[in-house]
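>>> Sharing a model that was predicted from the sequence below.
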Amino acid sequence: MLVFSSAAWGQRYPFIQVTPQPPAQCLFPFQDSRGRLWLAGCETGTEGIFYFDGTRYVSPLKGGFPNAIVRGMAEDSEGGIWLSSTAGIFRLHDGKLDKIVSGVAEAGIERIAPNVFLAAVGKSANEATATADAVRISKTSDGWKAQPIATSISQVQFRVDGSGHILFGCNGGYCELQRDEVLRGAAVHLSLSSGTPYLDRAITPTMRTWSCGTVSDACG
């Protein structure tokens, strides 16, 4: 085991080489409420997904993941792990994988409440022509329900800012959705902030930020 140190904010933090090595080309790390580090984005249809429990990499699935690439992850109040992918949106809980939404969800999934999620879901993976719907996923007495709340948007990544507004890149700058409207499942109203070249807003208490370019730029 090799240990390295790096100075940050006046302190020194160790970097520990973990063995065995993680699966190759995993692009989307996600830490759940139990402290497990999930790795995704490296699926080929046979490798599945993995999490690191502090000592080893574990595959929670019996058999491989569907022939798709995971693009984002989130967690619900029951510890279910949500996976947005090129083959739709899945929920993994107690080793069981359920497909909740069909389509292409390449831009990730955002939790806007403990059991309410938002994702852009399209029918085509062709980035040059694809449009998508903003799909709200929530838990009901009959199980998980998916409901389109906006149509004809791009494959965009939604983010919740510090004031609770839901942000995403759109033509001319960036758009906002009111979080309470999305939570109620009501008709949503898009608010366009036009002419804004860049957006840099805190979206978590730890001051993660996201940036969005002008109309000619991709936003994610």
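Right, received. Where do you want to start?
>>> Contact partners for Leu92?
Contact analysis of Leu92 by Cβ atoms under 8 Å, 6 or more residues apart in numbering lists 49, 60-61, 80-83, 98. C-beta coordinates here come from the backbone N, C-alpha and C atoms, glycine included.
>>> hmm, try it at 7 Å
Listed by Cβ atoms under 7 Å, 6 or more residues apart in numbering, the contact set of Leu92 reads 60, 80-81, 83.
>>> likewise Phe28?
Phe28 makes contacts with 40-41, 70-73, as judged by Cβ under 7 Å, 6+ apart.
>>> Among those residues, which one has the most neighbours?
Val70 (27 neighbours; other Cβ atoms under 10 Å).
>>> Next, the contact list for the residue lying closest to it once chain neighbours are set aside, please.
Nearest non-adjacent residue to Val70, counting by Cβ to Cβ, 6 or more residues apart in numbering: Ala40, 3.7 Å away. Neighbour list for Ala40: 26, 28, 49, 70, 73, 83 [criterion: Cβ under 7 Å, 6+ apart].
>>> In this structure the fourth one contacts Ile81, no?
No - the pair Val70 and Ile81 fails to qualify as a contact (Cβ atoms under 7 Å) at a distance of 10.1 Å.
>>> What's the local residue count around Asn115?
Counted with other Cβ under 10 Å, the neighbours of Asn115 add up to 15.
>>> Next, the contact list for it, please.
Asn115 makes contact with 76-77, 138-139 under the criterion Cβ under 7 Å, 6+ apart.
>>> Now it: closest residue in space that isn't a chain neighbour?
Lys139 (4.1 Å).
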